[in-house]
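Peer 1: Sequence plus predicted model, see below.
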Amino acid sequence: MHIGNLRTALYAYLFARKNGGQFILRIEDTDRERLVEDAVKAIYATLKLAGLRHDEGPDVGGRCAPYTQSERKPLYAKYAKELVSSSHAYYCFCTKERLDTLIDETGNRRYDKHCLHLSKAEVQEKLAAGVPWVIRQNVPQEGATTFFDMVYGDVSIENKELHDNVLLKSDGMPTYNFANVVDDHLMEITHVFRGMEYLSSTPNYNMLYEAFGWEIPRYVHLPHIMKDKQHKLSKRHGDANFEDFIAKGFLPEAILNYVALLGWNPKTEAEKFSLQELVEAFDVSGISKSSAVFDEVKLRWLNAQYLKELSPQQLHALASPYYSAIATPVNLNLLSELLRPRISALSDIPDAAKFIDSFEGYSLELFEHAGSKSSAQLARETLPAVIAALESLAGWSNDALFGALEQLAAQRDLKKKQLLWIVRIAVTGHLSTPGGASEMCALLGKEQALERMRQSLSRLRSA
RNA sequence: GGCCCAUUCGUCUAUCGGUUAGGACGCAAGAUUCUCAUUCUUGAAAGAGGAGUUCGAUUCUCCUAUGGGCUACCA
């Protein structure tokens, strides 16, 4: 499910929960040629992962079952024929070839109501002869239609701009243009949240509701989420969808939180909202009219906030799968703790932990550091004492290590910084590491830390 | 092409005629820190353009420009 769809679902969910309504999942699979294998499974998976539980739907049932349009097929013909009898719709037998002759100089086609003028007898005759047919909406060409949208306000469109849309296709399936109206009525949908691409065709739908004498739902058209100023976020162009972000190590709560704020403002300066808080804060009046560019950098920041608030156990559980490539035995629980403020997505972990396995052959110039006034020379002189002191250290915790190193620095009349720099480089061989000298020693464990120090020392001596 | 919608820092946004145009991300600088990161402080950064209406327009109206959408037997 792509991010735009997820946000639409989220808003509908928030609105339903906030107002004591029902959140209903309906599968619109009337285009038999564009069916995508497992697409429905992906929808279930995303909704579940996102925590958007639906009250009714194909998988959970409900009073309006079935919730999959292809299973409701017989229904639509009945309603379409009803419209034919009331002359709000008509049979059309035009061939693709004839339709193509209607294309104008701008490359567009508008149906000329040719079949509207067929006599009843002619229609019966063609029907009986098995000529393929569709049912088209009969849209009046005079006047204008105005409707109210909860985001965009009053929108007015001249009826002559409207088309005689196909309602029922030749395979007997309804088009979206028809099925959405019939099903929204039958399922007692009160509020329609959908992308703003439907703004221009909404008058068509309202005419249908009126033809049936049905109540028109409230409309909440949503601005698009963009990849950049001119391109929509779209699955077709390989833009990330919800599951991709999960795979990239983003937390569902963070994605939902970020997406909720894309095009909606909670009228607070708060940035972090749990799903429940979103429910409480949600209000259609905060939805903006203009499209919003999706900013993964800000998503990363938000995700980092969520990561920081996880308990050590939770974070470690989420991080563990990313540790499989680490060959050196280290204290992984401690690693999780050290990485916590240093990653903004779980997928940052492999890179952040890469230093662990790449120790051999580092440049001895790393010991030269002006900031802490340390040098290779000093390292060569000091390391034996460090090794000796740490060999006899009772505990091997970060605190014990730090205390011992601090003490040693004082004894040898060294700045704390100097000694710590030397030890950290001696034990990791990296300019920057996710933790200081004592933490790196704790991470590696006594045996390994001391072994690395000896190795570093011998390289320093033979250099 | 026609129609519909939109337009505040780079990005997400606040402002519902009178503000030093606020916040967040990012960026820059500084402080803290056993490197890095975190955290904290500070800074740079915006009303598309032009007409009106008004004592006063980011805010209301119109025009232009730009961007998006629709114009399918796709949704």
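Peer 2: Alright, I've got the coordinates. What you see is a predicted model; the values in this text were computed from it and never measured. Numbers count the residues shown, from 1 in each chain, chains lettered A, B, ... in the order given.
Peer 1: Wait, residue A:391 touches residue A:450, no?
Peer 2: Yes: using C-beta atoms under 8 Å, residue A:391 is in contact with residue A:450, at 6.4 Å. Backbone N, C-alpha and C define where each C-beta goes, glycine included.
Peer 1: Looking at those two, which one has more neighbours?
Peer 2: Shown here are residue A:391 and residue A:450; by other C-beta atoms under 10 Å, residue A:450 has more neighbours (18 against 10).
Peer 1: For the more buried one, list the residues it contacts.
Peer 2: Applying C-beta atoms under 8 Å, 6 or more residues apart in numbering to residue A:450 gives the contacts A:387, A:390-391.
Peer 1: and what of residue A:198?
Peer 2: Contacts of residue A:198 (C-beta under 8 Å, 6+ apart): residue A:221.
Peer 1: What of the one 4 residues further on?
Peer 2: Taking C-beta under 8 Å, 6+ apart as the criterion, residue A:202 is in contact with A:147, A:149, A:155, A:219, A:221.
Peer 1: beta partners for residue A:228?
Peer 2: With DSSP bridges as the criterion, residue A:228 is bridged to residue A:231.
Peer 1: my guess is it contacts residue A:292, does it?
Peer 2: No: Residue A:228 lies out of contact with residue A:292 (C-beta under 8 Å); the separation is 11.3 Å.
Peer 1: more crowded one of these two?
Peer 2: Legend: neighbour count by other C-beta under 10 Å for residue A:228 and residue A:292, higher for residue A:292 (17 against 9).
Peer 1: Pick out the residue of chain A closest to RNA strand B.
Peer 2: In chain A, the residue that lies nearest RNA strand B is residue A:436 (2.3 Å; C-beta to the nearest atom of the strand).
Peer 1: State the phi and psi torsions of that residue.
Peer 2: Torsion angles at residue A:436 (phi, psi; degrees, to the nearest 10) stand at phi -90, psi -170.
Peer 1: so what's the residue minimising distance to the centre of chain A up against?
Peer 2: Closest to where the C-alpha atoms of chain A average out (C-alpha atoms, centre = their mean) is residue A:242, at 3.3 Å. Residue A:242 makes contacts with A:1-3, A:6, A:46, A:49-50, A:255, as judged by C-beta under 8 Å, 6+ apart.
Peer 1: Output those as CSV; include the columns neighbour count and pLDDT.
Peer 2: Shown next, in CSV, are the contacts of residue A:242 (neighbours: other C-beta atoms under 10 Å; pLDDT from 0 to 100):
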residue, neighbour count, pLDDT
A:1, 20, 91
A:2, 19, 92
A:3, 24, 95
A:6, 23, 97
A:46, 20, 97
A:49, 15, 97
A:50, 21, 97
A:255, 24, 98
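Peer 1: filter the contacts of residue A:202 down to the ones close to RNA strand B.
Peer 2: Counting by C-beta under 7 Å from any atom of the strand, residue A:155 from these sit close to RNA strand B.
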